[in-house]
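Student: Fold the following for me, if possible:
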Amino acid sequence: MRDRHTARGAAWAVAMLVGIALASGIAAAHVRFVTDTEEAGEALRFLAGALTDPLHLAALGGGALAVLVAIVVYLKTEALNRDVAVFRGVMESYRDLLPWLLRLGFGLPLVGAGFAGYFFNPVVEPLIGSGVDRLLQILLGFMLVFGLGTRVASLAGLVIYLVALPIQPLLAFSLEWIPGFLALIVVGSGRPSADHTLAQVAATPGTFYNEVDPVHRAAAWFEARVDPYERYVPTVIRVGMGVGFAFLGLMEKLLAPEMAMSVVATYGLAEATPFPAELWVLGAGLGELALGIAIALGFFTRGSALAAMFVFTLTLFGIPDDPVLAHIGLFSLASALLITGSGPYALDNYLSDSRRTARSDAVTEPAPGDD
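Tutor: Residues are numbered from 1 along each chain as shown. Here you go, the predicted structure:
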């Protein structure tokens, strides 16, 4: 009972730390990007003008209506029941690969940030300088990639990010690090990983490593205490990714239209399509905001994650100068949601969908031609 209270207290402490640091960081970012009177006025004038244009309203309304119709058709039709059920079952069969996916998704960007000389985000300069930031990120990144001390590296990365967030408000544009690190702290290294290999050797009686290694017992103790919280990992990923995605749509586009308009002009998007520049900005901003809210609330989580991956891919191909490494973490979280689904505390759990109960039969039933 005492251990349960200790674990619960630790979970609340981590949650409070994340909440306080995140709130202070977003508040600082809000001051940096929004509260300037002239810039705020420009953003409000842009939104007022763009949202009262009949063409823009028609296009946005048509897009929203198309999404609503697609949702209704999906819920009412039974033509793809088996396809969706099998897809869900296959995704869930990859559950043991989730730690490996998250390790690569956040380890590689850390290594890239270290070698490129930036701090978590390509627009953030190193805090300490003298190469310390670079070496630390490279070290933590390789630890995650190889799965060596994954939980320790993730906890260190989370603390560093949260401490730096109020100092460097631009880090708020990379909020995906928070759910990524938190998820890795809970799920650990998985397999294949150095941690798993060493644990197997250490747990084998008669081996020299079993006698001298002091780490695997402490790791087993910690793992036993975080195991009850593993069921909440999809919720952490979903909420963290959704909030971060909605934040980007709001802060990078709707409340900073001059930045988004510059991108549209630089790559000639308005000239290449019949859509005016203002509609590009509105569509991208409102789309990311709506998609982020849907993911955070767990509304058609796997479909929303697929849509987010499509947006990331479109951005990478449509904007050649966009740093690929900056999106790997978000790709990893979206891929993780395809595997885990929505998890607890999601709207999906209240939707009436027969495909949820049909998926196990659809996966276990032999395919035509199987013996």
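Student: ranges for the helices of the stretch 51-200 of the chain?
Tutor: Remark: helices assigned in the stretch 51-200 of the chain by DSSP state H, counting those that start in this stretch are 54-76, 81-93, 98-116, 132-146, 150-167, 177-187, 194-202.
Student: Output the contacting helices and strands for the last one.
Tutor: What it means is helix 194-202. In terms of contacts (3 or more C-beta pairs under 8 Å, 6 or more residues apart in numbering; DSSP states H and E), helix 194-202 is packed against helix 208-212, helix 215-226. Glycine gets a C-beta too; all of them are placed from N, C-alpha and C.
Student: same question, the third one
Tutor: Secondary-structure packing of helix 98-116 (3+ C-beta pairs under 8 Å, 6+ apart): helix 132-146, helix 150-167, helix 177-187, helix 325-340.
Student: just these: most buried one?
Tutor: helix 177-187 (a mean of 25; mean count of other C-beta atoms under 10 Å).
Student: mind saving the C-alpha coords of that one as CSV?
Tutor: In CSV, the C-alpha atoms belonging to helix 177-187 read as follows (Å, rounded to 0.1, in the frame of the first residue of the first chain):
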residue,chain,number,x,y,z
TRP,A,177,9.3,16.4,-26.4
ILE,A,178,7.2,16.4,-23.2
PRO,A,179,4.9,13.4,-24.1
GLY,A,180,7.7,11.7,-25.8
PHE,A,181,10.0,11.7,-22.8
LEU,A,182,7.1,10.9,-20.4
ALA,A,183,6.1,7.9,-22.5
LEU,A,184,9.6,6.6,-22.6
ILE,A,185,10.0,6.9,-18.8
VAL,A,186,7.0,4.6,-18.5
VAL,A,187,7.5,2.1,-21.3
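Student: Please state the mean pLDDT value computed over it.
Tutor: In this model, helix 177-187 has a mean pLDDT of 95.
Student: now it against helix 98-116, angle please.
Tutor: Angular relation of helix 177-187 and helix 98-116 on a 0 to 180 degree scale: 130 degrees, by axes from the mean of the first three to the mean of the last three C-alpha atoms, to 10 degrees.
Student: Of the helices of the stretch 51-200 of the chain, give the one that comes closest to residue 326.
Tutor: helix 98-116 (7.3 Å; C-beta to C-beta).
Student: if I pick the closest residue to residue 190 other than its chain neighbours, what's in contact with it?
Tutor: The shortest distance from residue 190 to any non-neighbouring residue, by C-beta to C-beta, 6 or more residues apart in numbering, is to residue 99 (2.8 Å). Neighbour list for residue 99: 147, 150, 184, 187, 188, 189, 190, 191, 193 [criterion: C-beta atoms under 8 Å, 6 or more residues apart in numbering].
Student: Give the closest residue to the fourth one in space, chain neighbours not counted.
Tutor: Spelled out, that is residue 187. In space, and not counting its chain neighbours, residue 187 is closest to residue 99: 4.6 Å by C-beta to C-beta, 6+ apart.
Student: tell me the contacts of residue 192?
Tutor: When contacts are counted by C-beta under 8 Å, 6+ apart, residue 192 touches 100, 147.
Student: so where is the protein shaky, pLDDT-wise?
Tutor: For the chain, residues meeting the criterion pLDDT under 70 lie at 1-43, 267, 269-272, 316-324, 352-371.
Student: now the residue with the largest distance to the centre of it: how far from residue 111?
Tutor: Going by C-alpha atoms, centre = their mean, the residue of the chain most distant from its centre is residue 206, 42.8 Å out. Distance of residue 206 to residue 111, given as C-beta to C-beta, to the nearest Å: 37 Å.
Student: check contacts around residue 236.
Tutor: By C-beta under 8 Å, 6+ apart, the contact set of residue 236 is 179, 182, 183, 186.
Student: Pull the most distant pair out of those residues.
Tutor: Top of the distance list for these (C-beta to C-beta): 179 and 186, 10.7 Å.
Student: State the pair within the contacts of residue 99 that is farthest apart.
Tutor: Spatially, the most separated pair among the contacts of residue 99 is 184 and 191, at 14.2 Å (C-beta to C-beta).
Student: and residue 194, what does it touch?
Tutor: When the contact criterion is C-beta under 8 Å, 6+ apart, the partners of residue 194 are 146, 147, 148.
Student: How about the backbone phi and psi for the closest residue to the second one other than its chain neighbours?
Tutor: Of all residues not flanking residue 147 in the chain, residue 193 sits nearest, at 2.5 Å (C-beta to C-beta, 6+ apart). Its backbone dihedrals place residue 193 at phi -160, psi 160, with angles given as degrees, to the nearest 10.
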